[in-house]
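# Need coordinates for the following:
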Amino acid sequence: MSDMAFCRGCGKEIHKEAVACPSCGAPQAVAGTKSRITAALLAFFFGGFGVHKFYLGKTGQGILYLLFCWTFIPSIIAFIEFIIYLCNSDQEFARKYG
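Have a look, this model is predicted:
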């Protein structure tokens, strides 16, 4: 099995675990990372129940959202997190939650 892959930006052959292409600097997708858009959509539609927190692996925070969902406070916080997720870059999101 080869340890090489192709760059998403320029198409040159690079090591499959490279974070960025040494030639063009394009960021490469890392297997197993969470999607920023998916987290944002989960926060928007189901954030009051903490679904986005469970998705991001923050189980304790997700349980807190579930316990207090009847107060609508988690819904307000989730809407703010929705905006934050959309405003963050993919690299910043991957650094925090990947």
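
# Tell me the helix or strand right after the helix ranked longest in the chain.
If each helix of the chain is counted by residues according to DSSP state H, the longest one is helix 73-87. Proceeding N to C from helix 73-87, the next assigned helix or strand is helix 90-97, under DSSP states H and E.

# Show me what that next one packs onto, helices and strands only.
Packing partners of helix 90-97 (3 or more Cβ pairs under 8 Å, 6 or more residues apart in numbering; DSSP states H and E): helix 36-46. From N, CA and C alone the C-beta is placed, and that goes for glycine too.

# mind redoing it with 10 Å?
Packing contacts for helix 90-97, counted by 3 or more Cβ pairs under 10 Å, 6 or more residues apart in numbering; DSSP states H and E, involve helix 36-46, helix 73-87.

# Buried by neighbour count: which residues of it qualify?
Across helix 90-97, burial judged by 16 or more other Cβ atoms under 10 Å covers 93-94, 97.

# And those, which is closest to residue 14?
For the buried residues of helix 90-97, the residue nearest residue 14 by Cβ to Cβ is residue 94; the value is 17.7 Å.

# related to what we said a few turns ago, save the buried residues of helix 90-97 as TSV, and put in pLDDT and distance to residue 23 too.
As requested, those are arranged in TSV below (pLDDT from 0 to 100; distance: Cβ to Cβ, whole Å):
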residue	pLDDT	distance to residue 23
93	88	25
94	82	21
97	83	28
